[in-house]
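Student: next one to model:
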Amino acid sequence: MSDQEQDTVSALEAPGFAPAQFVRWFREVAPYVHAFRGKTFVVAFGGELVQAGALNVLVQDLSLLSSLGIRLVLVHGSRPQVNEQLRLKGYTHQFDRGMSPTDAASLECAKEAAGEIRLDIEAAFSQGLPNTPMSHAHIRVISGNFVTARPSGVIDGVDYKHTGQVRKIDVDALRQAMELGSVVLLSPLGFSPTGDAFNLAMEDMATSVAVALRAEKLIFLSVTDGVLNEDGSVDTELARVDADALLANGDLDEDTSAFLQYSSLAVKRGVARAHIVPFTLDGGVLLEIFTHDGVGTMVVEDTLDDLRPATLDDVGAILSLIEPLEADGTLVPRGRGVVERDVENFTVLEHDGVIYGCAALHHFPEEQMAEMACLIVHPEWQGSGEGEILLRHIESRARSLGAKRLFVLTTRTSHWFLKRGFVTGGITDMPREKQQNYNRSRNSLIFIKRL
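Tutor: Predicted coordinates:
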């Protein structure tokens, strides 16, 4: 037996291994696996990731995603490698973040750098060593002229020469490649109908591809942690309007600002979710995808664009949503006076001036708990995830208030809550005030979720 084999320890034999914890984790991951099978993810990373030696680990994680039925398009950058090529050849020009002119010499360096990185990525996907995550993996990587480019031209008197922008994405060809189970790899170069090559921004290409494919996720791998709160923690979820406000303030670092700008644009143009994930964190992509809060910053369109705090003017609309459910016994009768008193606890979903959903949050600070009540979506609007939007928003509000657990009482929708991470609780699990007011004649089921 070799020294390497002697040093190899199975996870099941490792000190501190907890079988129950592993099983629980595996079960928690299962819903994400079901949800994302067959969906398209566009993963984009700069040459800095390759330079940092993080390519092999990333490819192993991406191979796992591919094996789970997720369709992958990878878009890589090459700026540090191009700059190194320019330096070695004695050129003074260097590329920074942002658009710069690309002369003929710089274009040749860009071609060389892209070719080298592409080969490194293909080699990494070809690994099949035993006792590694790539064992028994047979993943094809397909590259090609999927992107038609156009020259940027002359802007403010500056001729950008071989710097270009995305003109068209060959969506049908990309989908055919992915339907074969292949990973599509795109380098930051595009070609015009005349056969000219153009140097493209990785972020622009990745965003254009994600929009064209109507991707479920656009994931930018960054050297930064994402958008940070004032206390230094990562802001794990941003509505697009809030992302745009942060960009307007101009307080973000250069890398985060660039990725956030393209994330916002992608979401605005139809991509479901855009993420900024640190590549310095081992397994960052997996943690972002398969854990509830993730580890980076996620930008979404639908969190707050249609969500807003309720006002007294909304009481009538809220009552019209509540009353049918009060009539059939789903909800406890409240009456206008109660809704008016508690209106500041309500959030409403509004579209074109029509309120079609609502939810209320009641905070119990002493027990670090919060209750979600009156989660309602009008029947004509159900089925498109509006309930999920309200739930995520209420969870976010509860966390911001310092709540550690969120609970609900229901008589009709227990399965909906169970599918979203709630577990069955009892009367004594609720705050004391709520225990005293619990209506035993209704015998409502109690569900609790850790935040």
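
Student: any idea how far stretch 94-101 is from the chain center?
Tutor: Offset of stretch 94-101 from its chain centre (C-alpha atoms, centre = their mean, to the nearest Å): 28 Å.

Student: what's that stretch in contact with?
Tutor: With C-beta atoms under 8 Å, 6 or more residues apart in numbering as the test, stretch 94-101 has contacts from 79, 82-83, 86-87, 93, 106, 152, 158-161, 163, 201, 254-255, 258. (C-beta placed from N, C-alpha, C; glycine too.)

Student: report the buried residues of it.
Tutor: Residues of stretch 94-101 classed as buried by neighbour count (16 or more other C-beta atoms under 10 Å): 95, 99-101.

Student: for S396, phi and psi?
Tutor: Summarising the backbone geometry of S396 under the convention degrees, to the nearest 10, its torsions are phi -60, psi -40.

Student: count of neighbours near the residue lying closest to it once chain neighbours are set aside?
Tutor: Of all residues beyond its chain neighbours, the one nearest S396 is E237 (6.7 Å), with distances taken as C-beta to C-beta, 6 or more residues apart in numbering. The local packing count at E237 equals 20, with neighbours defined by other C-beta atoms under 10 Å.

Student: pLDDT wise, what is E237 at?
Tutor: With respect to pLDDT, E237 has a value of 86.

Student: what does V209 give?
Tutor: Reading off the per-residue confidence, V209 sits at a pLDDT of 97.

Student: and G385, by the same measure?
Tutor: Reported pLDDT at G385 in the predicted model: 75.

Student: how far does the one helix or strand F417 maps to sit from its chain's centre?
Tutor: When secondary structure is defined using DSSP states H and E, the element that contains F417 is helix 414-418. In terms of C-alpha atoms, centre = their mean, the gap separating the centre of helix 414-418 from the centre of its chain is 24 Å.

Student: elements contacting it?
Tutor: Taking 3 or more C-beta pairs under 8 Å, 6 or more residues apart in numbering; DSSP states H and E as contact, the helices and strands that helix 414-418 lies on are strand 445-450.

Student: make it 10 Å
Tutor: With contacts defined as 3 or more C-beta pairs under 10 Å, 6 or more residues apart in numbering; DSSP states H and E, the secondary structure elements packing on helix 414-418 are strand 369-377, helix 386-400, strand 405-410, strand 423-425, strand 445-450.

Student: now those in a markdown table, with mean neighbour count and distance to A210?
Tutor: Output for those, formatted as a markdown table (neighbours: other C-beta atoms under 10 Å; distance: least, C-beta to C-beta, whole Å):
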| stretch | mean neighbour count | distance to A210 |
| --- | --- | --- |
| strand 369-377 | 22 | 28 |
| helix 386-400 | 19 | 21 |
| strand 405-410 | 21 | 32 |
| strand 423-425 | 14 | 35 |
| strand 445-450 | 18 | 31 |
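
Student: what helix or strand is H275 on?
Tutor: Using DSSP H and E, the element containing H275 is strand 273-278.

Student: residues of the lengthiest helix in the chain that come out buried?
Tutor: Taking DSSP state H as the criterion, the chain has its longest helix at helix 104-125. Of the residues in helix 104-125, 106-111, 113-114, 117-118, 121-122, 124-125 count as buried by neighbour count, 16+ other C-beta under 10 Å.

Student: which of those residues sits closest to Q368?
Tutor: For the buried residues of helix 104-125, the minimum distance to Q368 (C-beta to C-beta) is 45.4 Å, reached by A124.

Student: is it true that that closest one touches N56?
Tutor: Yes. Counting by C-beta atoms under 10 Å, A124 sits close enough to N56 to count as a contact (5.4 Å).

Student: now for whichever strand or helix holds A360, which elements pack on it?
Tutor: In the assignment (DSSP H and E), A360 maps to strand 354-364. When contacts are defined as 3+ C-beta pairs under 10 Å, 6+ apart, strand 354-364 sits against strand 307-309, helix 315-327, strand 346-351, strand 369-377, helix 386-400, strand 405-410, helix 432-437.

Student: okay, and the beta partners of the closest residue in space to G284 that isn't next to it in sequence?
Tutor: Once flanking residues are discounted, G284 sits nearest to V277: 4.7 Å by C-beta to C-beta, 6+ apart. Per DSSP bridges, residues listed as beta-bridge partners of V277: L221.

Student: from K217, how far out is V277?
Tutor: Applying C-beta to C-beta, to the nearest Å, the value for V277 to K217 is 10 Å.

Student: could you do S192 as well?
Tutor: Summarising the geometry, the distance separating S192 from K217, computed by C-beta to C-beta, is 30 Å.
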